[in-house]
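Participant: Sharing a model that was predicted from the sequence below.
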Amino acid sequence: MQAKTRTDFSSAVSKTLKVLKDGESYTQNKLAQKTDLNARTIQKILALLSDVQSTLHERKIYISEMENAKVIRMGERSGLASFPEKIQNLILKTVYYPTTSREEEILTHLLLTNALDEKSSIVIPKDKILSELIEAEFVTKTNKGRFHLTPDGKMIAKGALKLYPELREINDLLKNK
């Protein structure tokens, strides 16, 4: 049996963040299994990430290149970034995107019905907007005339749900009809 090689902490943090980027929920043990890291290492990484996240929530690190040196300082966030994420989203939504688009409604519907691959694809009425989403490669049509999100479509749908959480409620109401 071959001994496990030791992973340096920086690589372990990167590995953990890469797994967490998918937006899935993990227990600490499942995360350790998924990353192939020791559970104690995962515990240390989570403590670090939590501390960094709370610090950088209100502050920002500025890195400047000088002639032969880097100058690093931490300062206050300014502008839109100084607000909590929910307030940022509300401002963006109010000023730039007051209503959802039909594209966002279709993409979030596919996400919320878990239509993420050919096996889980669903039937929805095809219209001009859906055709445009297929052409933009956000949605794929199967040979059986069913539809599912592409990875890019999934990313956009997650962003739309973040900006318009009410789309989840609308989808639930339609599902229960």
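Facilitator: Okay, I see it. Just so it is clear, the model here is predicted, and its values are computed rather than measured.
Participant: Look through the chain and tell me its longest helix.
Facilitator: Using DSSP state H to define each element, the chain has its longest helix at helix 39-58.
Participant: and the residue nearest to the spatial centre of the chain, helix, strand or coil?
Facilitator: The centroid of the chain falls nearest to Gly23 when counting by C-alpha atoms, centre = their mean (5.4 Å). Assigned state for Gly23: coil (three-state reduction, DSSP: H, G, I helix; E, B strand; the rest coil).
Participant: Can you tell me the closest non-neighbouring residue to Thr41?
Facilitator: Ala12 (5.4 Å; C-beta to C-beta, 6 or more residues apart in numbering). (Each C-beta comes from the backbone N, C-alpha and C, glycine too.)
Participant: Now do the one you found against Leu90, distance only.
Facilitator: 36 Å (C-beta to C-beta, to the nearest Å).
Participant: Could you check which of the two has the larger neighbour count?
Facilitator: Each of Ala12 and Leu90 has its neighbours counted (other C-beta atoms under 10 Å); Ala12 has more, 19 against 13.
Participant: what sits against the more buried one?
Facilitator: Neighbour list for Ala12: 35, 37, 41, 45 [criterion: C-beta atoms under 8 Å, 6 or more residues apart in numbering].
Participant: Format the CA atom coordinates belonging to the strand or helix carrying it as CSV.
Facilitator: Under the criterion of DSSP states H and E, Ala12 resides in helix 9-20. Provided in CSV are the C-alpha atoms of helix 9-20 (Å, rounded to 0.1, in the frame of the first residue of the first chain):
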residue,chain,number,x,y,z
PHE,A,9,-1.7,24.0,3.1
SER,A,10,-1.9,26.5,0.2
SER,A,11,-2.7,23.7,-2.3
ALA,A,12,-5.2,22.2,0.2
VAL,A,13,-7.1,25.5,0.4
SER,A,14,-7.1,25.8,-3.4
LYS,A,15,-8.4,22.3,-3.7
THR,A,16,-11.1,22.9,-1.1
LEU,A,17,-12.3,26.1,-2.8
LYS,A,18,-12.4,24.4,-6.2
VAL,A,19,-14.8,21.8,-4.8
LEU,A,20,-16.9,24.4,-3.0
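Participant: Could you list the buried residues of that helix?
Facilitator: The neighbour-count check on helix 9-20 (16 or more other C-beta atoms under 10 Å) flags 12-13, 15-16, 19-20 as buried.
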